[in-house]
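A.B. asks: sequence isn't available, so here's the structure alone:
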């Protein structure tokens, strides 16, 4: 990050039940200078979101227990987390999955496989949209 | 010639006077006779017996006719007496002279020059003409012509007798004349009564047109007394003028003439039309008058006119009747079914041509068969008609009789079933009655009925078959439905399977591509160039795999009907720009000339923008991919006739063999697999393009020649209809 010394790097919460999925995006984003937190399921994602109040959430939709759609809905219904941009990540290529994600409040939908640098661009786009 | 009393008596003594006794006897005899002629006979006999007269003639002067007429004679023929006739007006005639002289005159025989040819009953004999009666009268009542007397003065006894006879004859003749007069007067009055009794005016006019005699009718028209009013007199004057004029118009005619004359009724003032019959008649010696009988034909004329008018009306009515009849004939003739009009006895009064065909023998050569058939028809028909009278009480509804008859077509001999429909038509007065019969050919109806029955039977069979088939079909349907359900399930399963596969492939692919990327980006530290190259190949193959997976997913979505269509207004030039931008890096890597040609009148179209873009992008990518050298052209046109947009992508590439042109659109087909493999591509692009084109109501065609190049053309409707 090229901001001032006091400026803290943006915190990205990466939610994915698949280990390598979390690892690839987390490692790349840290490599690119972001602070990264991870969650392996919906419940953990909600806890981390309320606890850490990340700047952006990368939310895989197919999660055990509370899935990505449900977790997103809850976060978007809560005043504390409503403003956090959520980028949905899914291996579902069908439009229905994407539409449903937008319905529950996802700010963007990215289809897997997704190159880490493409994801980084989407994260930056969301951050800029949030802080004018 | 017969002679009257030609008695040669004893010669009378002469010189000596006749005694008183014979004279007295003569007087008595003359007085005893009441008629002139016997009286004269008595006197002449007496003269012959007593006065030496040989032959004697007595003639009387008739003042009425002005003639001297033979009355009787002795010794002369009766016819000569009757024909003796002298005009007393002829004053130079010797006998007239003698008569008017009052003295006896001697006429010697005709050889003497003194005597003119005096025709008397006595012929050429010399005679004495002795006037009768007293010599005081200018013309006496008559004269005696006597022979046998000596020359010299006539003896006194003869003169006495002549005077005596004259007085007596004068008396008798006068009486006779009076009687005659009375008779005439009576007859005249009768005559007047008769002509007055005739109401038609009758007139006798003289040569100058003056009215001599007119009956009452004529006087009414042509005379007016002073007492008549002015109008009457003027009418009469006018009538006279008209009548005279009409008389002179025909004056030249010698015989009876007939003409019409218009006069005025003086009392009423109406015009009267007369027919005038004029006949010339002698009225006096040498003068001709005209008898005109006027017949009033005014009423007759009126009656004639009325009759003519009635006759004219009758003719008009007759013409109307004829026209009506002609019209009726036309109507009858226009009907195709036979129509017959018969009297109560069944005799045919009229028929139309179709009936003639059935009931008359055609003119021309005899044909026994035809005649027999016509007779049969006639018998059948007559029997039907006569039957109507027997069953007259059982008339059907509306007073019609219906019965089916079996006739024979005289020409062909075919049986013709007909329905005879008859009605009785009574005249106005209800006495004359005719029967009108129309024969309706049932052949067609029966044929139809037969056909209908056949059709019904066939239809029944068909229905049975259909029923069977339907049952079978229902079974089949059920089977199919079950199969369809299974297929649907299978299809859904397949789609779900593909979606799942896609999902399951993407997750590991995400890992492969992600780690590769991390390594290539140097996240895990720097690599040697050979390591980098090899990782690059991993990356390329991972991307290809991703493309295949995406294409497969597209096909799965299209086939399962889950490909959503979003219609919007599309500006094609912009769309082409986007496509060009996307393929720009590819073009940059080749040495191909890429030409873009857009028709200036391209309209905005309504379609699914994303799908059109996908098709065009695919076609253009293919063209670039399979064209080693030369050019690629994209051309857009608007087909006004079909209102279609065409997007043609033409290349000068490797082309496609004819035998491969059909299968090129099927999944996983690439014409030249080795080349394709070198060029990349999933082999699913054209298959997807064609399916997308179908979804957009369009199509893709291909024109290509191996080694020369290809043209793929996308046809799209300008306005996609949503369902």
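C.D. replies: Yes, it's here. Being a predicted model, the structure only gives us computed values, none of them experimental.
A.B. asks: my guess is residue B:386 contacts residue B:347, does it?
C.D. replies: No - using C-beta atoms under 8 Å as the test, residue B:386 is too far from residue B:347 to be in contact (10.9 Å). (C-beta placed from N, C-alpha, C; glycine too.)
A.B. asks: where does the prediction get shaky in the stretch 1-150 of chain B?
C.D. replies: B:1-16, B:109-118, B:134-139 (pLDDT under 70).
A.B. asks: can you name the residue of it nearest to chain A?
C.D. replies: Relative to chain A, the nearest point of the stretch 1-150 of chain B is residue B:65 (163.6 Å; C-beta to the nearest C-beta).
A.B. asks: in a helix, that residue, correct?
C.D. replies: No - Residue B:65: not assigned to a helix; according to DSSP: H, G, I helix; E, B strand; the rest coil it is coil.
A.B. asks: quick one, which of residue B:386 and residue B:347 is more surrounded?
C.D. replies: residue B:386 (14 against 10; other C-beta atoms under 10 Å in any protein chain shown).
A.B. asks: what's the helix or strand for residue B:167?
C.D. replies: helix B:156-197 (DSSP states H and E).
A.B. asks: swap in residue B:624?
C.D. replies: Counting by DSSP H and E, residue B:624 is found in helix B:609-625.
A.B. asks: do that helix and chain A meet at all?
C.D. replies: No - applying C-beta under 8 Å from any C-beta of the partner chain, one finds helix B:609-625 separated from chain A by no less than 11.0 Å.
A.B. asks: moving C-terminal of the top helix by length along chain B, what's the next helix or strand?
C.D. replies: The longest helix of chain B (DSSP state H) is helix B:443-521. Using DSSP H and E, the next helix or strand after helix B:443-521 towards the C-terminus is helix B:529-559.
A.B. asks: please name every helix or strand in contact with that next one.
C.D. replies: helix B:443-521, helix B:685-695 (3 or more C-beta pairs under 8 Å, 6 or more residues apart in numbering or on different chains; DSSP states H and E).
A.B. asks: got the angle for it vs helix B:609-625?
C.D. replies: Angle between the axes of helix B:529-559 and helix B:609-625 is 130 degrees (criterion: axes from the mean of the first three to the mean of the last three C-alpha atoms, to 10 degrees).
A.B. asks: so for the helix or strand following the helix holding residue B:167, mean pLDDT?
C.D. replies: Sequence-wise, the next helix or strand downstream of helix B:156-197 (DSSP H and E) is strand B:202-205. Per-residue pLDDT over strand B:202-205 has a mean of 88.
A.B. asks: swap in stretch B:521-536?
C.D. replies: 86.
A.B. asks: neighbouring strands - and their directions - for the following helix or strand past the helix holding residue B:624?
C.D. replies: For helix B:609-625, the following helix or strand on the C-terminal side (DSSP H and E) is strand B:631-639. Strand B:631-639 has the following strand partners under DSSP bridges: strand B:593-598 (parallel), strand B:644-651 (antiparallel).
A.B. asks: can you find the helix or strand in chain B with the smallest mean pLDDT?
C.D. replies: The weakest-scoring helix or strand in chain B, judged by mean pLDDT, DSSP states H and E, is helix B:673-679 (a mean of 52).
A.B. asks: list the contacts of the residue nearest to residue A:90 when sequence neighbours are not counted.
C.D. replies: Leaving out its chain neighbours, the residue that sits closest to residue A:90 by C-beta to C-beta, 6 or more residues apart in numbering or on different chains is residue A:61, at 4.5 Å. Contact partners of residue A:61, counting by C-beta atoms under 8 Å, 6 or more residues apart in numbering or on different chains, are A:67, A:68, A:69, A:88, A:89, A:90, A:92, A:97, A:101.
A.B. asks: change it to 6 Å
C.D. replies: When the contact criterion is C-beta atoms under 6 Å, 6 or more residues apart in numbering or on different chains, the partners of residue A:61 are A:68, A:88, A:90.
A.B. asks: what about the residue of the stretch 1-150 of chain B closest to chain A, neighbour count?
C.D. replies: A count of neighbours around residue B:65, defined by other C-beta under 10 Å, yields 11.
A.B. asks: same question for residue A:122.
C.D. replies: Neighbour number of residue A:122 under other C-beta under 10 Å is 19.
A.B. asks: so it sits in a helix?
C.D. replies: Yes - Residue A:122 forms part of a helix when assessed by three-state DSSP.
A.B. asks: now it: how far from chain B?
C.D. replies: 15 Å (C-beta to the nearest C-beta, to the nearest Å).
A.B. asks: can you pull the contacts of that residue?
C.D. replies: A:87, A:108, A:110.
A.B. asks: what's the most buried one of the strands paired with strand B:631-639?
C.D. replies: Greatest average neighbour count among these goes to strand B:644-651 (a mean of 22), per mean count of other C-beta atoms under 10 Å in any protein chain shown.
A.B. asks: what's the mean pLDDT across it?
C.D. replies: 93.
A.B. asks: which residues touch that strand?
C.D. replies: By C-beta under 6 Å, 6+ apart, the surrounding residues in contact with strand B:644-651 are B:605, B:616, B:619-620, B:623, B:627, B:632-638, B:709-717.
A.B. asks: same thing with stretch B:49-64?
C.D. replies: Stretch B:49-64 is contacted from outside by B:9, B:12, B:14, B:18, B:22, B:40, B:44, B:47, B:68-76, B:121, B:139, B:142-148, B:157-158, B:173, using C-beta under 6 Å, 6+ apart.
A.B. asks: now do the helix or strand of chain A with the lowest mean pLDDT and helix B:529-559, the angle between them.
C.D. replies: Using mean pLDDT, DSSP H and E, helix A:95-104 stands out as the lowest-scoring helix or strand of chain A, at a mean of 85. Taking the same axes, to 10 degrees, helix A:95-104 and helix B:529-559 form an angle of 90 degrees between their directions.
A.B. asks: so whatever residue of the stretch 601-723 of chain B ends up closest to chain A versus residue B:570, what's the distance?
C.D. replies: Residue nearest to chain A within the stretch 601-723 of chain B: residue B:610 (11.0 Å; C-beta to the nearest C-beta). In this view, residue B:610 and residue B:570 are 10 Å apart by C-beta to C-beta, to the nearest Å.
A.B. asks: again, but for residue B:435
C.D. replies: In this view, residue B:435 and residue B:570 are 86 Å apart by C-beta to C-beta.
A.B. asks: ok, residue B:237 next?
C.D. replies: From residue B:237 over to residue B:570 the distance is 122 Å, taken as C-beta to C-beta.
A.B. asks: which of those two has more neighbours?
C.D. replies: Between residue B:237 and residue B:570, residue B:570 has the larger neighbour count (other C-beta under 10 Å), namely 20 against 13.
A.B. asks: I would like the residues contacting the helix or strand harbouring residue B:581, please.
C.D. replies: Residue B:581 belongs to helix B:572-588 when assigned by DSSP H and E. Residues outside helix B:572-588 that contact it (C-beta under 6 Å, 6+ apart): B:594, B:598, B:602, B:613, B:616, B:617, B:620, B:624, B:636.
A.B. asks: residues in contact with the first one?
C.D. replies: Each residue near residue B:594 by C-beta under 6 Å, 6+ apart is listed here: B:587, B:632.
A.B. asks: which phi and psi values does the residue nearest the centre of chain A adopt?
C.D. replies: In chain A, the C-alpha nearest the mean C-alpha coordinate belongs to residue A:58, at 1.5 Å (C-alpha atoms, centre = their mean). Backbone torsions of residue A:58, given as degrees, to the nearest 10, read phi -100, psi 110.
A.B. asks: from what I can see it touches residue A:14, true?
C.D. replies: Yes - contact criterion C-beta atoms under 6 Å: residue A:58 and residue A:14 qualify, at 4.7 Å.
A.B. asks: residue 36 - nearest residue in space that isn't next to it in sequence?
C.D. replies: No chain was given, so I picked chain A. Residue A:36 sits nearest to residue A:26 (C-beta to C-beta, 6+ apart), 4.6 Å away.
A.B. asks: that was the other one, I meant chain B.
C.D. replies: Once flanking residues are discounted, residue B:36 sits nearest to residue B:172: 4.5 Å by C-beta to C-beta, 6+ apart.
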